[in-house]
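*Asks:* no sequence on this one, just coordinates:
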Ligand SMILES: Nc1ncnc2c1ncn2[C@@H]1O[C@H](COP(=O)(O)OP(=O)(O)O)[C@@H](O)[C@H]1O
Ligand SMILES: [Mg+2]
């Protein structure tokens, strides 16, 4: 199956099998689609800069896809829940990364109504608090920590995708990093919720639940609690 794109835009062609769903269509940056080959379903992300540029960056080992593979591997070893990049392939000079389907991104899940029930929102606030605390406890800053880069599986487990930009920061930088990550998370959650059939604001209770979980999970980390000026006696 070929998915016909808008006028003047190249078609997305399957890498090996049949395209089931196009998740993202951005001919300037990346196209992402779900493909099936026999019994196997997987997600393909194809980088869309010019083949010449991609080959050049590849030779220098600084292609963004190569960096994403390396970073995901490192994060996995550190115990961060990331979706593994199983394979890479080239299609007409463009790098494709292949990942398993491990749920839906939070923005798509919200649009499908997965968080319309308060109990689902409470569980999500808690899970996001745990995930953010885990990143901070390893002194990691993910400047792209947003709903479209977090997958949730059927058991409510969260995993990161598109995590090539995660970097290690000093303890002193953590408060600023926390501020930026929570701001982006909130902004993208509100955007996704706004497109849900039942539009909701993130309640004060859920903000507290997120904050409480985050602080509770950070408590054993002295460097971090010092940097965030969290007193154990409070
Ligand atoms: N392994 C996956 N399983 C399910 N959905 C995925 C997977 N990988 C990507 N997606 C979907 O495709 C979207 C874009 O993928 P992403 O890797 O974030 O690409 P980009 O770098 O272009 O943002 C995600 O927001 C998500 O909805
Ligand atoms: Mg993304």
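*Replies:* It's in. From a predicted model like this one, the values you see are computed outputs, not experimental measurements. Ligands and ions are numbered 1, 2, ... in the order given.
*Asks:* How many residues are close by the residue nearest to residue 214 when sequence neighbours are not counted?
*Replies:* Excluding the flanking residues, the one nearest residue 214 by C-beta to C-beta, 6 or more residues apart in numbering is residue 129, at 4.3 Å. For glycine as for every other residue, the C-beta is placed from the backbone atoms N, C-alpha and C. Counted with other C-beta atoms under 10 Å, residues neighbouring residue 129 total 23.
*Asks:* So the residue in the chain that ligand 2 sits nearest to: helix, strand or coil?
*Replies:* Distances between the chain and ligand 2 by C-beta to the ion are smallest at residue 162, namely 3.6 Å. Three-state call for residue 162 (DSSP: H, G, I helix; E, B strand; the rest coil): coil.
*Asks:* begin at 37 from here
*Replies:* From this message on, residue numbering opens at 37, which makes the last subject residue 198.
*Asks:* That one reaches residue 180, doesn't it?
*Replies:* Yes - taking C-beta atoms under 8 Å as the definition, residue 198 is a contact partner of residue 180 at 6.4 Å.
*Asks:* got the residues of this structure near ligand 2?
*Replies:* If contact is defined as C-beta under 5 Å from the ion, the residues of the chain in contact with ligand 2 are 185, 198.
*Asks:* So which residues of the chain form strands?
*Replies:* With DSSP state E as the criterion, the chain has strands at 54-61, 66-73, 76-83, 123-127, 130-136, 140-141, 176-177, 186-188, 194-196, 203-204.
*Asks:* pLDDT score for the closest residue to residue 176 other than its chain neighbours?
*Replies:* What sits nearest to residue 176 in space, not counting adjacent residues and going by C-beta to C-beta, 6+ apart, is residue 202, at 5.3 Å. We have a pLDDT of 97 for residue 202.
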